[in-house]
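Enquirer: could you look at this predicted model? Sequence included:
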Amino acid sequence: MIKIDMNSPEFIERMEKTVRFTDKVIAQFGWEYNPQEDVNEGVQMGLARNKIMYNKLFCPCFMVEEVDGKPQSVDNRTCPCTPAIEKEIPELGACHCGIFCTPEFAAAKRIELGMEEATHTHSRGLTLEEAKMLVNKSELDSDEMISLLEARELKMVDFKLVDVREHMEWQMAHIQGADALVPTSSFFQTWDEQGYSKDDNIILYCHVGSRSAHVAKILTDMEYMHIGNLTHGIVAYGGEKEK
């Protein structure tokens, strides 16, 4: 597992350069930052980490793989990536990682966040039958994940909750109740160390759901039978987190 010291002079310097880089991108395209500051910080730290690890500003929300002996981002995502510039931001209002937004999207998100704070209620408890059905879903939202963690505490169901982000992201915050960290940068080695059975119920999560979806496909191809994904990642998770 690759560990980068967030307090090291190297990382602090790289983080400062990364923030200046994203500031320039914002100014160049007339975008705004996401109103959720933790989203922006997480992406900036991921970009800084990838620059140190790969000497490229690979998008932190996509896996990096070896191709002909060289690191390459899945979908060729290097910030600011072409899909964000040409499709995601013009059509959806924000890039996949969520850091870059149109002014209109940012304004709507600020209103939405205010509404969520006022109206969010905790997910209801599950019956045993509901819990057993839910733990086998391939895609889960935040409330479903919260309910499943509650059901697991009551020993209604059993599953492994696996974070596939990097060690630095785990240190910043991870879902309370996560069982393991299996970073995509050292996935196969770290995964084997967990000793999970191919019959285990396994739920994956990452920052916004892209890396975990990619890992879910890999594990399905490896004949793991019960793989779930937290669709929008930890940034959309409304439950308890730990640092």
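Expert: Happy to help now that I have it. Numbering: from 1, shown residues only.

Enquirer: from here on, contacts and neighbour counts on C-alpha atoms
Expert: Will do.

Enquirer: could you pull out the strands for the chain?
Expert: Applying DSSP state E to the chain gives strands spanning 32-33, 64-67, 70-73, 100-101, 139-140, 160-163, 174-175, 180-181, 201-205, 226-230, 241-242.

Enquirer: for Asn136, give me its contacts.
Expert: Asn201, His226, Ile227, Gly228 (Cα atoms under 8 Å, 6 or more residues apart in numbering).

Enquirer: tell me how far stretch 236-243 lies from the chain's centre.
Expert: 12 Å (Cα atoms, centre = their mean, to the nearest Å).

Enquirer: now stretch 232-243
Expert: 9 Å.

Enquirer: which residues are in contact with that stretch?
Expert: Around stretch 232-243, the neighbours that count as contacts under Cα under 8 Å, 6+ apart are 38-39, 141-143, 146, 170-176, 205-209.

Enquirer: which residue is nearest the centroid of this structure?
Expert: Computing the C-alpha centroid of the chain and ranking residues by Cα atoms, centre = their mean puts His207 first, at 1.4 Å.

Enquirer: mind checking pLDDT for the closest residue to that one other than its chain neighbours?
Expert: Leaving aside its sequence neighbours, His207 sits nearest to Gly233 (Cα to Cα, 6 or more residues apart in numbering; 4.8 Å). Here the pLDDT value assigned to Gly233 is 95.

Enquirer: and Gly233, how many neighbours?
Expert: Applying the criterion other Cα atoms under 10 Å, we find 22 residues in the vicinity of Gly233.

Enquirer: quick one: it and Asp221, what's the gap?
Expert: 22 Å (Cα to Cα, to the nearest Å).

Enquirer: where's Met156 relative to Glu130, distance?
Expert: Computed with Cα to Cα, the distance linking Met156 and Glu130 is 10 Å.

Enquirer: before we move on, what about Lys56?
Expert: Here the distance between Lys56 and Glu130 works out to 45 Å (Cα to Cα).

Enquirer: more neighbours: which of those two?
Expert: Neighbours per residue (other Cα under 10 Å) separate Lys56 from Glu130, with Lys56 holding more: 17 against 13.
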